[in-house]
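[1] what's the 3D shape of this:
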Amino acid sequence: MVGALSAWAGGPWLESGNRGDVVEIATELEELGYTRLWLSAGFGDGVPSIFGELLAATTRLQVASGILSIWHAGPQQAADAVAELERAHPGRFLLGLGVSHAPLVESSGEAYRRPYSRMVSYLDDLDAASPPVPPERRVLAALGPRMLELSGQRAVGAHPYFVPVEHTVQAREQLGSGVLLAPEVAVVLEPDAATARAVARRYMDGYLQLPNYTSTLRRLGWSEEDLSGGGSDALVDALVPWGTTERVAARVAEHHAAGADEVAVQVLTASGALPRDEFAELAHLLL
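    Residues are numbered from 1 along each chain as shown. Now for the predicted structure:
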């Protein structure tokens with residue numbers, strides 16, 4: 001492996017009934033050698049307490065919000081949370097920020113206007129907060145050229161989500177060296193094509209309804225036919241590596257070879273169960 005390997009988690013990982021298992025898995029990820037656990041902040045108000053619990057249960061594992069929506073937590077809320085986590089666990093929490101998506105924001109009753117400008121203003125407020133959140137303690141969910149540029153100028157780097165390896169190539173070219181590039185990559189450890197693609201399409205379905213993602217895929221050359229009907233087989237295969245553990249590990253390594261400093265692997269399972277065994281299998285090949 002030429003770069004760091006992290007774990008990405010959301011959905012069931014945020015359910016209160018799974019909290020004990022999630023904390024236990026975090027300790028296992030640390031023992032296996034994963035660099036960081038990226039955990040979705042969900043769409044509630046503020047910064048969830050789970051980040052502190054994960055840091056308290058581990059000693060070396062880095063933890064990041066992947067991603068905190070700037071529409072669901074104010075900058076002072078975020079700054080206060082980062083300051084508290086920094087006092088208790090110095091240097092181990094990374095604040096991942098994103099502009100979310102129009103349908104998700106507007107469903108909560110807020111108008112989704114000028115998201116890029118809103119992010120710039122949010123970062124200004126983090127700079128001015130007491131205490132401030134320094135750029136090295138924040139990362140941006142960047143897809144398009146302007147947000148990628150901002151992630152290099154105002155944060156430690158970029159955390160693209162739902163992107164094929166071609167995006168990693170272009171993002172590294174734009175960011176240059178010395179700027180963190182940590183794409184999320186969803187995978188399915190299943191060798192049967194029909195089964196694996198069915199699992200992948202269940203995951204992809206909602207994302208293919210969100211313009212931020214579909215616009216990015218169109219810029220990369222994917223057609224309307226590729227984006228419709230749950231995604232063409234080619235698109236599924238590009239976005240969600242599947243197959244044997246060896247095959248999936250090789251596909252993850254492609255992102256490292258394309259310029260990723262860190263790949264945040266999200267393991268999808270047919271049952272929706274927390275994928276502790278699958279993370280262990282990947283670690284044995286990639287770490």
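[2] who's in contact with the residue in the chain sticking out farthest from the centre?
    Most distant from the centre of the chain: residue 130, at 27.2 Å, with distances by Cα atoms, centre = their mean. Going by Cβ atoms under 8 Å, 6 or more residues apart in numbering, residue 130 touches residue 79. Using the backbone N, CA and C atoms, a C-beta is placed for each residue, glycine as well.
[3] ok, 10 Å please
    Residue 130 sits next to 76, 79-80, 83 when contact means Cβ atoms under 10 Å, 6 or more residues apart in numbering.
[4] Give me the phi and psi angles of the closest residue in space to residue 140 that isn't next to it in sequence.
    Of all residues beyond its chain neighbours, the one nearest residue 140 is residue 151 (3.9 Å), with distances taken as Cβ to Cβ, 6 or more residues apart in numbering. Taking degrees, to the nearest 10, you get phi -60, psi -30 for the backbone angles of residue 151.
[5] neighbours of the residue lying closest to residue 243 once chain neighbours are set aside, just the number please.
    Counting by Cβ to Cβ, 6+ apart, residue 243 lies nearest to residue 191, which is 5.4 Å off, once chain neighbours are set aside. Counted by other Cβ atoms under 10 Å, the residues lying close to residue 191 total 13.
[6] Do I have it right that residue 191 meets residue 197?
    No: because the distance of 11.8 Å does not satisfy Cβ atoms under 10 Å, residue 191 is recorded as not touching residue 197.
[7] and for the two, which residues touch both?
    By Cβ under 10 Å, 6+ apart, the residues touching both residue 191 and residue 197 are residue 242.
[8] ok, the residue nearest to residue 243 to residue 249 distance?
    For residue 191, the distance to residue 249 under the criterion Cβ to Cβ, to the nearest Å works out to 13 Å.
[9] pLDDT averaged over stretch 105-115 - what is it?
    Confidence over stretch 105-115 (mean pLDDT, whole number) is 80.
[10] Now do it: everything it contacts.
    With contact meaning Cβ under 10 Å, 6+ apart, stretch 105-115 is reached by 43, 45, 69-72, 98-104, 118, 120-121, 147, 212.
[11] Next one: the residue nearest to residue 140 from residue 20, what distance?
    The spacing between residue 151 and residue 20, counted by Cβ to Cβ, is 34 Å.
[12] all strands of this protein, in order?
    For the chain, applying DSSP state E gives strands covering 4-9, 36-39, 62-65, 68-69, 93-98, 138-140, 157-158, 180-181, 184-188, 262-268.
[13] will you turn those strands into CSV that also has mean pLDDT and mean neighbour count?
    Putting those into CSV (pLDDT from 0 to 100; neighbours: other Cβ atoms under 10 Å) gives the following:
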stretch, mean pLDDT, mean neighbour count
strand 4-9, 98, 24
strand 36-39, 98, 25
strand 62-65, 98, 25
strand 68-69, 95, 24
strand 93-98, 98, 25
strand 138-140, 98, 26
strand 157-158, 98, 24
strand 180-181, 98, 23
strand 184-188, 98, 24
strand 262-268, 98, 24
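[14] Kindly reformat the ones you listed as CSV containing distance to residue 280.
    Output for those, formatted as CSV (distance: least, Cβ to Cβ, whole Å):
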stretch, distance to residue 280
strand 4-9, 11
strand 36-39, 14
strand 62-65, 19
strand 68-69, 28
strand 93-98, 24
strand 138-140, 26
strand 157-158, 28
strand 180-181, 26
strand 184-188, 14
strand 262-268, 10
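[15] Could you pull out the helices in the chain for me?
    Counting by DSSP state H, the chain has helices at residues 19-32, 50-57, 75-88, 102-106, 115-128, 145-154, 165-175, 193-207, 211-219, 224-227, 233-239, 245-257, 276-286.
[16] Who are the packing partners of the shortest one?
    Taking 3 or more Cβ pairs under 10 Å, 6 or more residues apart in numbering; DSSP states H and E as contact, the helices and strands that helix 224-227 lies on are helix 211-219, helix 233-239.
[17] who touches the last one?
    Outside helix 233-239, the residues within contact range by Cβ under 10 Å, 6+ apart are 162-167, 185-186, 188, 193, 196-201, 203-204, 207-208, 213, 217, 220, 222-223, 225-228, 230-232, 242-243, 251.
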